[in-house]
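J.: build me a structure from this.
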Amino acid sequence: MKRICLLFLTLCLLLCGCGKRNDEQRFRAFSAALAERDTLGFTAELCAKYPDKNVRMTLRFSLQGELQRVTVLKPDIIAGIGAAVRAGETQLEYDDVILDTGPLDAYGLSPLSALPILVDALRGGFPASCWEEDGLTVMSLIRDDRYTVEVWFDADMTPLHAELLSAGAVTVVCDINDWS
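T.: Predicted structure coming up:
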């Protein structure tokens, strides 16, 4: 009887491992295809978690070649303000208006720089772990030694939700819409 139980447990562990590898392979295929794309667009309902407050924004991300653009859609008072991020540059360029949101972490993370970090992690982050949650595949991606990004994918590997962690703490949470 002990042998049957041991055999059953071993089989269960092997099957669980196969599912994880399959999800990781699906993510790697998604990531490689995304890295090859010259265009990308999506909207994010974002919540930036500062030590003393939470700031909610709706942002539009677009990629055209090497230019990544983030535009504020809401709140209405700052709608239209945007930032451009070019490959190899870490500074944001603001269009005619400077919007000081203050840094979320010691590395200068801001709500407008969070989406380029998310896309960078999706295009080349290391899949550290994956699991299933509420029927969605969740990937924990290590972008670099500063940021980890956890992304919830639907069955078609479309990102639906993401959390950006800095120094082990969730600093940005976003719901992703209109992925194209």
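J.: the chain: strands as residue ranges?
T.: With DSSP state E as the criterion, the chain has strands at 39-49, 54-64, 67-74, 82-86, 93-94, 126-133, 136-142, 147-153, 159-166, 169-177.
J.: can you tell which of those strands is closest to residue 107?
T.: strand 159-166 (6.8 Å; Cβ to Cβ). Every residue, glycine included, has its C-beta placed from N, CA and C.
J.: what angle separates the closest one from strand 136-142?
T.: Strand 159-166 and strand 136-142 are oriented at 30 degrees to each other (axes from the mean of the first three to the mean of the last three Cα atoms, to 10 degrees).
J.: for strand 159-166, name the packing helices and strands.
T.: The contact analysis (3 or more Cβ pairs under 8 Å, 6 or more residues apart in numbering; DSSP states H and E) places strand 159-166 against helix 111-124, strand 147-153, strand 169-177.
J.: buried ones in that strand, by neighbour count?
T.: The neighbour-count check on strand 159-166 (16 or more other Cβ atoms under 10 Å) flags 159, 161, 162, 163, 164, 165, 166 as buried.
J.: of the strands of the chain, which shows the lowest average pLDDT?
T.: For these, the bottom mean pLDDT is recorded on strand 93-94, which sits at a mean of 50.
J.: and the helices and strands packed on strand 159-166 as CSV, adding mean neighbour count and distance to residue 58?
T.: Formatted as CSV, the helices and strands packed on strand 159-166 follow (neighbours: other Cβ atoms under 10 Å; distance: least, Cβ to Cβ, whole Å):
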stretch, mean neighbour count, distance to residue 58
helix 111-124, 22, 11
strand 147-153, 22, 19
strand 169-177, 18, 9
